[in-house]
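Undergrad: Provided below for reference: sequence and predicted model.
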Amino acid sequence: MLRSLKHQILILLLCSLVLLAASFLAVIGWYMKDRDVAAAIIKAQTDLATCGEIIDKTYPGTWSVQDGNLYKGSSKISLNNDLVDHLSLLTGDTVTVFCGETRVATTVRGSNGDRAIGTKVAANVAQTVLQNGQTYLGEATVVGQRYQTGYVPLRTESGNIIGMFYVGISHAYEQEIITRSLITMAEIGLVLTILVALLTWFFLQKVIIYPLHNIMLGTRDVATGHLTQKIKVSGAKEIEELEDAFNQMVEQIQSLTGGINRATSRNLADDDTTGLELHTTAEASGSNNSTTESTMENTVAIAKRPLLGLDNTEYIGEAGLPKGLNQATLGQIVQFLQATRRPLSAEDVAEGVKLTRVTVRRYLEYLEDRGVLKSEQKYGTVGRPVKLFIPL
């Protein structure tokens, strides 16, 4: 049963921790996805500004279109792959320069692996940047793939829009960042889960499993008749209550066993005494009838005389005991007092008969009321006085 209980607790604990870890990773993944999108947009905006400053310093002058080609000052930008490759290396983004809505220099490659020169920008981006003159920040389709992008218009000296400059962060890059982050979080969560599981398991072993195991061993002793001592366990409140109930059961069994043994011994002694009395009476009858009559009268008188003293308490019937006391427990305590024959405190007697001090005190005070014991206060140098019970 304990093994089954241990397995059930372990499975419940592991399932709870796995569910908690999975929920935690799901929430973190959802949160990180939104955060990564926001971070990608901020990066695209920052990279646009950085690349714009580099282009202005490297190629001074204004933007213009000459013979269908895009120029910056006197420098031709169309097909200037060195520029876009350099900017891509600095930022880690894909970089493109547009003349109108057409790519004239880019690091973006098509499905065949070649640079996507001559391809067009998405219609929604062209509407925002080329026609409305606004910066575009957000998700866009670039040569069939989704990117977090940034587009700014390129203006002539007079302010006319003649092209666009683009930087883009691919979704694959975002997914890679999220995946790496989740793997790291999963590894940390696994270590914490194992640590929490071990700590919880050790706690359950100490507070529940071990106390229940000790109680189970005690029940086996009861079943086999070996009532050597009470059990003592430490654990939760419910475990301690179970310990108290078990110890009370042991006390009752010990009391009943002692009463049965004493009753058996007394019956055997009565049988022997009766036989001896009959034999003596027969001999006396043969010698002197008057002596026999006198002996019988004395015997009846002695039988009617009240029996007092420690050796006569076993004749107190169950009906003569106050409520809450029983003959078996009384006999157990009296037997211990007869064996010791010295002044004892309630604590001494409780330890000797393996009962609680409160229970023993009630029986000792009852015996004192019956005149079997007397009590005296023993005063020490320090502390409260001790009440000693002295057999009579």
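TA: Great, that's in hand. Numbers count the residues shown, from 1 in each chain.
Undergrad: Which residue ranges make up the domains of the protein?
TA: As recorded under the TED database, the domains making up the chain are 27-177, 227-262, 313-391.
Undergrad: Name the helix or strand for residue 39, please.
TA: helix 2-58 (DSSP states H and E).
Undergrad: looking at the domains of the chain, which is closest to residue 8?
TA: With Cβ to Cβ, the closest approach to residue 8 among the domains of the chain belongs to domain 227-262: 17.2 Å. Every C-beta, even on glycine, is put in place using the N, C-alpha and C of the backbone.
Undergrad: State the mean pLDDT of that closest one.
TA: The average of the pLDDT scores along domain 227-262 is 63.
Undergrad: which residue ranges form the helices in the stretch 101-250 of the chain?
TA: 123-126, 171-204, 210-224, 237-287 (DSSP state H, counting those that start in this stretch).
Undergrad: helix or strand right after the helix holding residue 39?
TA: strand 63-66.
Undergrad: Name every strand pairing with that following strand and say which way it goes.
TA: strand 69-72 (antiparallel) (DSSP bridges).
Undergrad: Need the residues that contact the strand it pairs with.
TA: The contact list for strand 69-72, computed with Cβ atoms under 8 Å, 6 or more residues apart in numbering, reads 55, 59, 61-65, 76-78, 97, 99, 104, 154, 162-163.
Undergrad: Contact partners for the closest residue to residue 129 other than its chain neighbours?
TA: With Cβ to Cβ, 6 or more residues apart in numbering as the criterion, residue 129 has its nearest non-adjacent residue at 4.8 Å, and that residue is residue 151. Counting by Cβ under 8 Å, 6+ apart, residue 151 touches 121, 125, 128-129, 135-136, 140, 164-166.
Undergrad: Take the residues you listed and keep only those in strands.
TA: 136, 140, 164-166 (DSSP state E).
Undergrad: And the furthest pair within those residues?
TA: Among the ones in strands among the contacts of residue 151, 140 and 165 lie farthest apart (Cβ to Cβ), at 14.0 Å.
Undergrad: Flag the shaky bits of the stretch 1-150 of the chain, pLDDT-wise.
TA: 1-7, 28-34 (pLDDT under 70).
Undergrad: what's the helix or strand for residue 335?
TA: With DSSP H and E as the criterion, residue 335 is inside helix 327-340.
Undergrad: now for that helix, which elements pack on it?
TA: With contacts taken as 3 or more Cβ pairs under 8 Å, 6 or more residues apart in numbering; DSSP states H and E, helix 327-340 sits against helix 237-287, helix 346-353, helix 357-369, strand 386-391.
Undergrad: need the contact list for residue 344.
TA: Neighbours of residue 344 in contact, by Cβ under 8 Å, 6+ apart: 337, 352, 388-389.
Undergrad: Check those and tell me the two furthest apart.
TA: Most distant of the contacts of residue 344, by Cβ to Cβ, are 352 and 388, 14.2 Å apart.
Undergrad: buried set for stretch 320-340?
TA: For stretch 320-340, the neighbour count (16 or more other Cβ atoms under 10 Å) marks 327-337 as buried.
Undergrad: try stretch 68-85
TA: Result for stretch 68-85 [16+ other Cβ under 10 Å]: buried residues 70-72, 76-80, 83-84.
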